[in-house]
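In: just the structure for this:
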Amino acid sequence: MLRRVRQSLRQVLFLMARRPGLLCGAIVLGVLLVLAVKFTCSRAKNVVASARPPVRFFSTEAPVVDLYMGQLDQVERLRSMAEVSLIFFYAPWCAHSMAARQEVQQVAKKLARQVQFVAVNCWWSQGKCRKQNRFYQYPIIHLFYRRFGPIEYKGPFLAPYVESFILRVITPLTYLPSRATLKEFLSYHEPRVVGFFQFNSSPQPPGYITYLSSALQALKRDFRGAVRFGVVTNKQVAEAIPLQDDETVYLYRRLNSSLIFPRSERNFTSEAICSWVFEHHETVLHWLQPPGTKSRLLERELTKGPALLLFLPHNPLGSSPSPILQQVADIAVRYHSCDNKNHSSSDKSSTSHSQCCQSVLLPESSTSVCEVCLSLSRSLLTSSSVCCSFSSTAQGGDVLQSYLRHCCLHQESDPASIKTATSLGCSNFLNGYSPFSQYSACCRKVKPQLNESQAKEEPDVQRVPLTPPFSSIPPPTGPQPEADGITGLWCQTNRTLRFYVLDVALNWPLAVRLGATGNKSASSHQEAGGGSSDGSFAAIVNLRDEVHYVLHRNPETTLTESLEAFIRNFSAPYSLLQRHLVGEEERKDGEGETRHPDQHQHSSPRPLITELNTASFLPSVMDVQKDVLLFYYTQWCGFCSVLNHVLIQLARLLQGNSTITVARVNVARNDLPWEFMVDHVPSILLFPKYRKHFSVKFPDDLPITLPNLLRFILQHSGSVQYADKPATSSSEGEGPGAIFRAEFLALQHEVQTLRHARERLSQQLAQLWRDNRRLTFDTRTLEAKNSELQQERQNLEEQHREKSRQLGEAVRRLQDLADASENLLNENTLLRVLLRALKGRTEAKEQVEVERKEAEQKRSHMAS
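Out: Residues are numbered from 1 along each chain as shown. Have a look, this model is predicted:
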């Protein structure tokens, strides 16, 4: 191997020695390569600038310790100096961190004496915070209560919410010194937990710290602190619950029996207590806080069933719940209250209802009468009158026959019993599944009474005097329990609701999307129907049925009355609520243009294509004086965009005809009534005039082209079909009407003939157009081939010139070779002559030398 290397080096050195120019070129190239690498590397280092050192994120006046270098080791030292600490992890470039900075500074100025505020820069690459933590979002707030923590804050970064959360952490337990305080503590709708600990033997009982930690654990799960924890230290106060054993945790529940923490089944730890509370607590109002970004929070909640979304004004720093929230909570509690104590019995409930009764003669009996009474809740009836309806029975129907089986059909054997009208039995049953009305069927015996006219009839036929078919029984005059019609409704219907509360200040865009007005002022709320003077808004969302309803409040009614009626109407078997359509709020801005379109024809030009929305859809499509061609599209449909030019050409052709309107609607942004929806886009429907109920859909198997659309409109337009209708009887007689009709039919026949001729002409023009197109394609093909031949010709000419040039160069070189060979021959001849001359001279010199040597030898010989 070494021998081969040496040989290779020798050969290289030998070649370099023979060609010094190659050696110099290699040296120059090496030097240039070294310089290029050097300059490139030095420039790459200068491109990446060194990071600037961080600066303070919070102002020096704010009572916040700003560790802008990411000194995470100092956080532990600062935490040990305060009982409650707030750690604010931020990134200097983050816009959310910048927005939260002002809120945190505002809170820090209020609670600086109670809480240690620390801010840590977790984005500085050389800081310990960046190296030890991996945060996927900023900012992040952690609270520490002594050694317990971290408690992450997951609410909105607003000063009232942050301050409220800090105050909850500072005082996780509510001290209950008296029975009045305990009663007030348990009167709120939120889940309440009470712990009984006697501070007699030691300053802090052993289980008190565990109970305190469980309250902090609850704040970890719910930053709003919906589950409140209280502590009782007096045994007399604890007996009011009642609690007797020391270190007992009591979970108060309104709808079910309250519970005591089972220490024999579970370990008495903070995690176990917190898990037990969240497993068994009752929540009638659920707080929702959508993050404002892509999240499935609403989807997870709405898929559980119909939801009542209540947008209410909320003050996180309020000492007690707002009156509006209290009203909503009271409605929610009564809605979920299914205990029989809250309802009157079946016998007593009839007194709190308005009844409408009708007597029905039982079949196969002349003395047994069934009284069918319809009992309606007072909440569904007006105070002035009671409406009863047995119309089907009055007309001879058999609607009530299904209720007769509930009557008593027992026939008494004692004939004396016929003379008395005694009730033999009653049964109450619901009207289908309606929670608001029920039927009661009672059987009784009556004595036949015949008047004079009836006595003259056949003696074997007995008549029974029936009560008036719509007789109304007045309610008793005694004291009656007031029935609200909503108590226990959760247990009486399958259309149950879940109550959700949202802060209207934070979630107003969501309320606007559901149907609230865009302006949050009180005046706009009152008029638009999407809100109220108190700033609240309510909507029921049924995700399974893809509908939602909006509460339109009457200014004269209270929030409680409006919500109760809203919930009752939704829970009824045949709901009176109207589905709210997306885009309906646009009607407020263009109400004048929608209701009176003729008034604006002169002021504004007619658009080429009419853009419809939810509000203007029905007035425009159902205009009986116009044929409406409706194009369904969405902004994300690529096929719809391709057909725009066809629709524009059609609108230009029909622009002069005022009886035909070309319109389109974006079904992704505008909800339409179910009967006007389509299963796919793009779709085209024609609503002919005078017969809107005969709408026609453009066939799916036909391409959407301009000729097909024109043929479709001419075939199904309302004008042609209306003219084809048969004439009335008044025009069938002799006279001018018949002449006009004959002329009209002749003109119609001519129009049909012209139409067929136009169709044939259009077919011929189409054929000519196809032939012309084919000839154009052939011409283009021939031109392409001709250009290819011209190109080949030019290539051949260039090749000929190149070959001629190469041959001339070869001849020249051959001539030069011939001349050079001739010169070489002449030089060879000359050299031969010279060689001969030199050879002759050499021989002469050698001969002279030999002779000289011989002469010298002779002399020497002679001398000797």
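
In: any weak-confidence spans in the stretch 151-300 of the chain?
Out: Within the stretch 151-300 of the chain, the stretches with pLDDT under 70 are 201-203.

In: with the chain instead?
Out: For the chain (pLDDT under 70), the answer is 40-49, 201-203, 339-484, 518-533, 584-605, 718-743.

In: roughly how far out does whichever strand or helix holds Ala180 sit from the chain middle?
Out: Element membership of Ala180 [criterion: DSSP states H and E] is helix 179-186. Mean-position distance between helix 179-186 and its chain equals 43 Å (C-alpha atoms, centre = their mean, to the nearest Å).

In: now stretch 491-501
Out: Here the centre of stretch 491-501 is set off from its chain's centre by 23 Å, with C-alpha atoms, centre = their mean.

In: please identify the buried residues of that stretch?
Out: The neighbour-count check on stretch 491-501 (16 or more other C-beta atoms under 10 Å) flags 492-493, 495, 497-501 as buried. Every residue, glycine included, has its C-beta placed from N, CA and C.

In: so which elements touch the helix holding Ala180?
Out: Helix 179-186 sits against strand 192-196, strand 228-232, helix 235-238, with contacts defined as 3 or more C-beta pairs under 8 Å, 6 or more residues apart in numbering; DSSP states H and E.

In: just the buried residues of stretch 491-501: which are in strands?
Out: 498-501 (DSSP state E).

In: for the residues you listed, which one is nearest Gly638?
Out: Tyr500 (37.6 Å; C-beta to C-beta).

In: ok, now which ones touch that closest one?
Out: By C-beta atoms under 8 Å, 6 or more residues apart in numbering, the contact set of Tyr500 is 285-288, 301, 307-310.

In: which stretch of helix or strand covers Leu831?
Out: helix 736-863.

In: hmm, back to that, so which of the contacts of Tyr500 is the closest to Glu843?
Out: Glu301 (130.4 Å).

In: please verify my assumption that the closest one contacts His286.
Out: Yes - with contact defined as C-beta atoms under 8 Å, Glu301 counts as touching His286 (7.3 Å).

In: so where do the helices sit in the stretch 101-250 of the chain?
Out: Remark: helices assigned in the stretch 101-250 of the chain by DSSP state H, counting those that start in this stretch are 128-132, 159-170, 179-186, 206-221, 235-238.

In: out of those, nearest to Val55?
Out: For the helices of the stretch 101-250 of the chain, proximity to Val55 was assessed by C-beta to C-beta; helix 128-132 is nearest, at 16.1 Å.

In: give the buried residues for that closest one.
Out: Buried residues in helix 128-132, defined by neighbour count with 16+ other C-beta under 10 Å: 128-130.

In: which residues are contacting it?
Out: 67, 70-73, 89, 120-124.

In: end-to-end on stretch 110-127?
Out: Using C-alpha to C-alpha, to the nearest Å, one end of stretch 110-127 lies 30 Å from the other.

In: check contacts around the closest residue to Pro172 other than its chain neighbours.
Out: The shortest distance from Pro172 to any non-neighbouring residue, by C-beta to C-beta, 6 or more residues apart in numbering, is to Ala215 (3.8 Å). With contact taken as C-beta under 8 Å, 6+ apart, Ala215 is in contact with 172-173, 193, 229.

In: run the last query once more with 6 Å
Out: The contact partners of Ala215, by C-beta atoms under 6 Å, 6 or more residues apart in numbering, come to 172-173, 229.

In: of these, closest to Asn786?
Out: Using C-beta to C-beta, the contacts of Ala215 come closest to Asn786 at Pro172, 93.2 Å.

In: pretty sure the closest one contacts Leu216?
Out: Yes - the pair Pro172 / Leu216 is scored as a contact, 5.4 Å apart, by C-beta atoms under 6 Å.

In: and Phe777, how many neighbours does it have?
Out: 9 (other C-beta atoms under 10 Å).

In: relative to Glu798, how far out is it?
Out: Relative to Glu798, Phe777 is positioned 32 Å away (C-beta to C-beta, to the nearest Å).

In: and if you look at Asp245?
Out: Distance from Asp245 to Glu798, by C-beta to C-beta: 112 Å.

In: does Leu650 touch Leu709 like I think?
Out: Yes - in terms of C-beta under 6 Å, Leu650 counts as a neighbour of Leu709; the distance is 5.3 Å.

In: what do those two both touch?
Out: With contacts taken as C-beta under 6 Å, 6+ apart, Leu650 and Leu709 have no neighbour in common.

In: how about the contacts made by the closest residue to Ser717 other than its chain neighbours?
Out: Of all residues not flanking Ser717 in the chain, Asp627 sits nearest, at 4.9 Å (C-beta to C-beta, 6+ apart). Asp627 is in contact with 660, 688-689, 717-718, counting by C-beta under 6 Å, 6+ apart.

In: next step: the residues you listed restricted to strands.
Out: Short answer: these in strands (DSSP E) are Ile660.

In: using CSV, lay out the contacts of Asp627 together with neighbour count and distance to Val12.
Out: Putting the contacts of Asp627 into CSV (neighbours: other C-beta atoms under 10 Å; distance: C-beta to C-beta, whole Å) gives the following:
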residue, neighbour count, distance to Val12
Ile660, 22, 92
Pro688, 24, 97
Lys689, 19, 99
Ser717, 19, 95
Gly718, 22, 99
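
In: dump the contacts of Asp627 into a markdown table; add distance to Asn234 as well.
Out: Shown next, in a markdown table, are these (distance: C-beta to C-beta, whole Å):
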| residue | distance to Asn234 |
| --- | --- |
| Ile660 | 85 |
| Pro688 | 83 |
| Lys689 | 83 |
| Ser717 | 87 |
| Gly718 | 85 |
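
In: picking up where we left off before, most neighbours, which of the contacts of helix 128-132?
Out: Of the contacts of helix 128-132, with other C-beta under 10 Å as the count, Val120 tops at 28 neighbours.

In: for it, give its distance to Gln105.
Out: As judged by C-beta to C-beta, Val120 and Gln105 stand 16 Å apart.
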